[in-house]
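K.L.:
Generate a structure from the sequence data that follows.
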Amino acid sequence: MRDPYSVLGVTKGADSAAIKSAYRKLAKKFHPDQNPDDPKAKERFAEVSAAYDIVGDDEKRRAFDRGEIDADGNPTMAGFNPFGGRGGSRAQGGPNPGFEDIFATFTQGRGPGYRNAGAGFSGGGGAEDILKSMFGGGGPDIGGMGGAGMGGMGGQARSRQQARPKKGADVKVSTRVSLEEVLAADKVQVAIPGQGTVKIALPKGVEDGQTIRLKGKGKPSPTGGANGDALVTVRFAQHSSFKADGATLLMDLPVTLDEAVLGARISVATLDGTVALNLPENAQSGRTMRLKGRGLPTAKDGERGDLLIKVQIKLPEDGDEALSALMKRWRTDGRYSAR
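P.N.:
Alright, predicted model coming up:
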């Protein structure tokens with residue numbers, strides 16, 4: 001992947017708020033829901049998400065800035081030190097020597113706190129012998145450790161590492177779904193960094209903000225272990241008619257003045273078809289009516305919530321002469337007072 005700062009369009013010295021703001025703008029721009037027919041947008045979205053996974057995480061960002069991991073989150077040689085700690089500790093001023101210091105100690109007789117090559121090896125030896133001693137389980141005696149030398153220690157550590165390979169890192173992504181997809185527990189497409197676009201089935205009764213774990217869809221292990229997981233957060237997309245409150249759906253129903261006064265039978269569009277609603281006489285604006293079982297599924301038993309319909313009396317936007325004349329007569333007669 002490209003440099004994550006370049007992908008997000010921020011400088012290396014940008015603060016976390018600026019990084020988060022840049023990510024949100026790009027994620028909104030390239031989200032698959034906004035570009036259903038553009039495969040390049042899906043790739044760009046995945047790249048932006050992967051970049052934010054690095055620089056949006058304080059610990060990963062510091063490791064990347066030090067050169068200990070690359071743009072894909074994989075360890076680099078700068079982060080490697082067989083003696084513990086991070087590599088390159090001489091430049092960092094740390095208490096533990098880095099690989100360069102140790103190698104220089106064994107080959108050139110210098111380094112922090114180490115004996116020269118002649119004293120450090122009972123039998124001398126070149127760079128190949130030194131590396132074998134450190135990693136291959138053989139070679140000269142280092143510092144009186146015996147025939148196994150550093151190789152014995154390295155072999156033990158390597159064996160333990162091979163016995164317990166580290167799992168790959170998890171990735172976090174989000175996807176927006178329609179209320180119709182939630183109702184049908186449909187399959188939706190999700191862009192996952194490094195995995196491309198995958199289809200996932202929404203659980204019955206999925207809630208806004210719920211996280212779905214996809215096993216093995218995260219980053220690969222740097223030590224040959226299992227892949228990490230993908231954590232997909234589900235967000236409900238804005239609907240033109242309904243708002244979700246848990247499994248309950250809310251909607252406003254505009255009615256004319258005569259419908260409110262005289263009552264009416266009104267067709268109401270729900271998520272799964274049209275139903276006839278009986279509006280009673282003298283229905284007040286703001287009155288709430290309930291359609292049972294016309295909401296979203298619940299996770300517990302698979303039943304559905306209700307649809308709550310709020311009546312809103314709507315007058316003609318451009319006015320109506322006959323209605324105005326009627327209301328003038330009504331006001332003159334002083335029929336009733338609302339206050």
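K.L.:
What segments of the stretch 101-250 of the chain are strands?
P.N.:
With DSSP state E, counting those that start in this stretch as the criterion, the stretch 101-250 of the chain has strands at 171-177, 187-192, 196-201, 211-214, 230-236, 243-245, 248-255.
K.L.:
I'd like the ones you listed as JSON lines, with distance to Lys20, mean pLDDT and mean neighbour count appended.
P.N.:
To be clear about C-beta, it is placed using only N, CA and C from the backbone, and glycine gets the same treatment. Output for the strands of the stretch 101-250 of the chain, formatted as JSON lines (distance: least, CB to CB, whole Å; pLDDT from 0 to 100; neighbours: other CB atoms under 10 Å):
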{"stretch": "strand 171-177", "distance to Lys20": "13", "mean pLDDT": "90", "mean neighbour count": "19"}
{"stretch": "strand 187-192", "distance to Lys20": "19", "mean pLDDT": "90", "mean neighbour count": "18"}
{"stretch": "strand 196-201", "distance to Lys20": "24", "mean pLDDT": "88", "mean neighbour count": "13"}
{"stretch": "strand 211-214", "distance to Lys20": "19", "mean pLDDT": "92", "mean neighbour count": "14"}
{"stretch": "strand 230-236", "distance to Lys20": "15", "mean pLDDT": "93", "mean neighbour count": "18"}
{"stretch": "strand 243-245", "distance to Lys20": "26", "mean pLDDT": "92", "mean neighbour count": "15"}
{"stretch": "strand 248-255", "distance to Lys20": "31", "mean pLDDT": "94", "mean neighbour count": "17"}
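K.L.:
Of all these, which one is nearest Pro36?
P.N.:
strand 187-192 (8.7 Å; CB to CB).
K.L.:
what residues does the closest one touch?
P.N.:
32, 42, 45-46, 49, 171, 173, 175, 177, 181, 197-202, 214, 217, 230, 232 (CB atoms under 8 Å, 6 or more residues apart in numbering).
K.L.:
Try it again at 6 Å.
P.N.:
32, 42, 45-46, 173, 175, 177, 181, 197-201, 217, 230, 232 (CB atoms under 6 Å, 6 or more residues apart in numbering).
K.L.:
tell me which residues of stretch 298-306 are tucked away?
P.N.:
Across stretch 298-306, burial judged by 16 or more other CB atoms under 10 Å covers 298, 304-306.
K.L.:
how does the protein divide up, domain by domain?
P.N.:
Listed domain ranges for the chain are 169-238, 243-333 (source: automatic domain parsing).
K.L.:
how much distance is there from the first one to the middle of the chain?
P.N.:
Distance of domain 169-238 from its chain centroid, counting by CA atoms, centre = their mean, to the nearest Å, is 9 Å.
K.L.:
Any chance of TSV for the strands of the stretch 101-250 of the chain, columns distance to Leu315?
P.N.:
Listed next are the strands of the stretch 101-250 of the chain as TSV, based on distance: least, CB to CB, whole Å:
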stretch	distance to Leu315
strand 171-177	35
strand 187-192	41
strand 196-201	46
strand 211-214	46
strand 230-236	32
strand 243-245	24
strand 248-255	10
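K.L.:
for the protein, which spans come out with low pLDDT?
P.N.:
Residue ranges of the chain with pLDDT under 70: 78-163.
K.L.:
and if we set it to 80?
P.N.:
Within the chain, the ranges that satisfy pLDDT under 80 run 1, 77-164, 195, 299-302, 334-339.
K.L.:
Distance to Val7 for the domains of the chain - can I get that in JSON lines?
P.N.:
JSON lines is the format used below for those (distance: least, CB to CB, whole Å):
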{"stretch": "domain 169-238", "distance to Val7": "11"}
{"stretch": "domain 243-333", "distance to Val7": "33"}
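K.L.:
What residues sit buried inside stretch 56-73?
P.N.:
Result for stretch 56-73 [16+ other CB under 10 Å]: buried residues 56-57, 60-61, 63-64, 66, 68-71, 73.
K.L.:
Distance across that stretch, terminal residue to terminal residue?
P.N.:
From its first residue to its last, stretch 56-73 covers 12 Å (CA to CA, to the nearest Å).
K.L.:
cool, stretch 310-328 as well?
P.N.:
This stretch, stretch 310-328, spans 28 Å end to end (CA to CA).
K.L.:
which residues touch that stretch?
P.N.:
When contacts are defined by CB under 6 Å, 6+ apart, stretch 310-328 is touched by residues 252-255, 260, 283, 285, 287-288.
K.L.:
one more time with 7 Å
P.N.:
252-257, 260, 283, 285-289 (CB atoms under 7 Å, 6 or more residues apart in numbering).
K.L.:
can you redo those residues as TSV with distance to Lys314?
P.N.:
As requested, those are arranged in TSV below (distance: CB to CB, whole Å):
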residue	distance to Lys314
Asp252	10
Leu253	10
Pro254	4
Val255	7
Thr256	7
Leu257	8
Ala260	9
Ala283	13
Ser285	9
Gly286	13
Arg287	14
Thr288	17
Met289	16
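K.L.:
which among the residues you listed gets closest to Thr332?
P.N.:
Leu257 (18.2 Å).
K.L.:
who's in contact with the closest one?
P.N.:
Contacts for Leu257 (CB under 7 Å, 6+ apart) come out as 313, 315.
K.L.:
next one: phi and psi at it?
P.N.:
phi -60, psi -40 (degrees, to the nearest 10).
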